[in-house]
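Colleague: Quick one, structure for this:
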Amino acid sequence: MSRVRRGSICMLAAILPTLMGGCAVDQSGEVALYRQVLDEPAPPPAPPAPGEALTLEMLLWQANQNHESLGLRGESYLQAIIARRRAASAFMPTINLAPSHFRQDPVSGADNDRIDVPVAGRLNVFNGFSDLANYRAAGQDVQRQRALLLDAQASLLLDVAVAYYRVLRAERSVEVLRGSLSVQEERVREIRARGRAGLARPLDVWQTEAQASATRVSLLEARNDVVKSRLALSLLSGVEIGQTPLVDDATVPPDLPHVQALLEAAEQQRQDLAAARAAVEAARLDVDAAIGRYYPSVTLNVNYFLSRQSNPTESDWNAILSANLPLFSAGTIHADVRAAWSALRQAQLAESLTRRTIQQQVRTAVENLASSAQRIAELEVQVAAAQQSLRQAEESYRVGLGTNLERVVAQNSLLAAQLQLSSARFDRRMFYLELLRVTGGLTLRLPPQTAAAPAADPTTGPAAP
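Modeller: Got it, this is the predicted structure:
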């Protein structure tokens, strides 16, 4: 005769809707777990009006919001949080409804059809500290994934900045080449007229036309670079920038900290190094978890019957406390311990390599930034000298003391120096942002601009007298 605990069934009926509700997942809440790591508490810059120029800081914020790579890395961070929660569940009991139906061939005097409806509970009382080590290792993996998420963000921001300055550099090259070409085309018209009047040799005409044609080719290549650079910037930022003008809002401070201070800042701020340290700690805890398998484990199992037809039918519950001590595991536990120690050594080597790589990156970035200032100073001298040389060549040619070839060479030298100077100035800003990246200081907020007025740019001046 079936015996059903009505109160227990009512209680189970009340709990089941809550348990079923646990299957729902708040998707926006899940994404918010890693978005709050990526998004700074400060409000983002105001979006530009249609046609308004875009600043680098605006594009950095857009890339942070739109680029899929951060979402991919963020999901890894979310999965690490879930894995830590799963590791924590080892300390909690599990409860299952486990109904069973038993049926056999008819036998005289035997109960051939029985249905039991137990609620089975299981609690891991002790597992050789392996569960505790696994939980702590999962916590370290959360920290590692968080650091990797921030490191991926910094890498993306630097990529956006590099693409941004490539656009500006290509556009400045277009301006320089366009200005030089206008002067050269005027010179072509002049020398053709002189040639028709018999005052210039055909060789002079051909040299001048060849120089103007070469400049046109360079201008076409520069315009193509502008288009490709803008497409690359649109891909990285997730914003279709089209022909929207860009405004440079980054500055390089006149004084920088000593290299030792920068190395110390990188030690504290570099997220890939923080991830490597977390990986070492997680690997150390994995060793503890593997060793814990040598210890005994204790488990408590409890069954409470909502309905019972098997003997003894009057028994409402039973409990079993079981212990397990591994005496011989065919070497599997020992192999797991060895593998855990090997993984720990790998993590330590990776941390050491990461630290040495960061030190090399910092020193290289400092050297690049310092040499860029010297290069700009020398190129400014070179541009000024090339301008004077071109003036002298023009005057000598007009009075018949110089050749057209000297004038062509002087024009090419000036154009090359102007392009190099323009490129060097944008390179300096990129080197500074790279220094911020390698020291862990590149964020969505750029350093404030200095109050000093920018120096005059010789590359925007006239290409010829």
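
Colleague: Low-confidence regions, the stretch 51-200 of the chain specifically.
Modeller: 107-111 (pLDDT under 70).

Colleague: at 80 what do you get?
Modeller: Along the stretch 51-200 of the chain, segments meeting pLDDT under 80 span 51, 104-113, 187, 190-191, 194-200.

Colleague: From what I see, residue 267 and residue 273 are in contact.
Modeller: Yes. The criterion here is CB atoms under 8 Å, and residue 267 meets it with residue 273 at 7.0 Å. From N, CA and C alone the C-beta is placed, and that goes for glycine too.

Colleague: Now do the shared contacts for the two.
Modeller: With contacts defined as CB atoms under 8 Å, 6 or more residues apart in numbering, the residues shared by residue 267 and residue 273 are 355, 358.

Colleague: Of these two, which one has the most company?
Modeller: residue 273 (20 against 16; other CB atoms under 10 Å).

Colleague: right, and residue 211 touches residue 412 too?
Modeller: Yes. The pair residue 211 / residue 412 is scored as a contact, 6.9 Å apart, by CB under 8 Å.

Colleague: Those two: which is more packed in?
Modeller: residue 211 (22 against 16).

Colleague: Give the full set of residues in contact with that one.
Modeller: By CB under 8 Å, 6+ apart, residue 211 lies in contact with 184, 408, 411, 412.

Colleague: Is residue 326 part of a helix or strand, or is it coil?
Modeller: coil (DSSP: H, G, I helix; E, B strand; the rest coil).

Colleague: my read: it touches residue 293, true?
Modeller: Yes. At 6.9 Å, residue 326 counts as touching residue 293 under the criterion of CB under 8 Å.

Colleague: Would you mind listing the residues touching both of those two?
Modeller: residue 333.

Colleague: So between those two, which is more surrounded?
Modeller: Neighbour count, other CB under 10 Å: between residue 326 and residue 293, residue 293 has more, with 18 against 13.

Colleague: The more buried one contacts residue 129, correct?
Modeller: No. Applying CB under 8 Å, one finds residue 293 not in contact with residue 129, separated by 9.9 Å.

Colleague: picking up where we left off before, for residue 163, state which of the contacts of residue 211 is nearest.
Modeller: Each of the contacts of residue 211 was scored against residue 163 by CB to CB, and residue 412 proved nearest at 29.7 Å.

Colleague: Find the residue closest to the most centrally placed residue in the chain in space, skipping its chain neighbours.
Modeller: Centroid-nearest residue in the chain, with CA atoms, centre = their mean: residue 152, separated by 1.8 Å. Using CB to CB, 6 or more residues apart in numbering and skipping residues adjacent in sequence, the residue nearest residue 152 is residue 73, 4.5 Å away.

Colleague: For the one you found, what is the enclosing helix or strand?
Modeller: helix 68-88 (DSSP states H and E).

Colleague: Show me what that helix packs onto, helices and strands only.
Modeller: With contacts taken as 3 or more CB pairs under 8 Å, 6 or more residues apart in numbering; DSSP states H and E, helix 68-88 sits against helix 27-38, helix 130-196.

Colleague: Tell me which of these lies nearest to residue 60.
Modeller: For the helices and strands packed on helix 68-88, the distance to residue 60 is smallest for helix 130-196, at 5.3 Å, taking CB to CB.

Colleague: Report the angle between that closest one and helix 68-88.
Modeller: Angle, helix 130-196 to helix 68-88, by axes from the mean of the first three to the mean of the last three CA atoms, to 10 degrees: 170 degrees.

Colleague: Helix 130-196 versus helix 27-38: what angle between them?
Modeller: 70 degrees.

Colleague: now the following helix or strand past helix 130-196, how far from the chain's geometric center?
Modeller: Of the helices and strands lying after helix 130-196 in sequence (DSSP H and E), the nearest is helix 202-237. Centroid separation for helix 202-237 versus its chain: 33 Å, with CA atoms, centre = their mean, to the nearest Å.

Colleague: Ok, stretch 331-339 next?
Modeller: Distance, centroid of stretch 331-339 to centroid of chain: 36 Å (CA atoms, centre = their mean).

Colleague: which residues sit against it?
Modeller: Residues from elsewhere that reach stretch 331-339 (CB under 8 Å, 6+ apart): 287, 290, 291, 293, 294, 326.

Colleague: Show me which residues of that stretch are buried.
Modeller: Neighbour counts over stretch 331-339 (16 or more other CB atoms under 10 Å) mark 333, 336, 337 as buried.

Colleague: likewise stretch 38-55?
Modeller: Buried positions in stretch 38-55, judged by neighbour count with 16+ other CB under 10 Å: 38, 44, 45, 54, 55.

Colleague: Stretch 383-402 too?
Modeller: By neighbour count on 16+ other CB under 10 Å, the buried set for stretch 383-402 is 383, 386, 387, 389, 390, 392, 393, 394, 397, 402.
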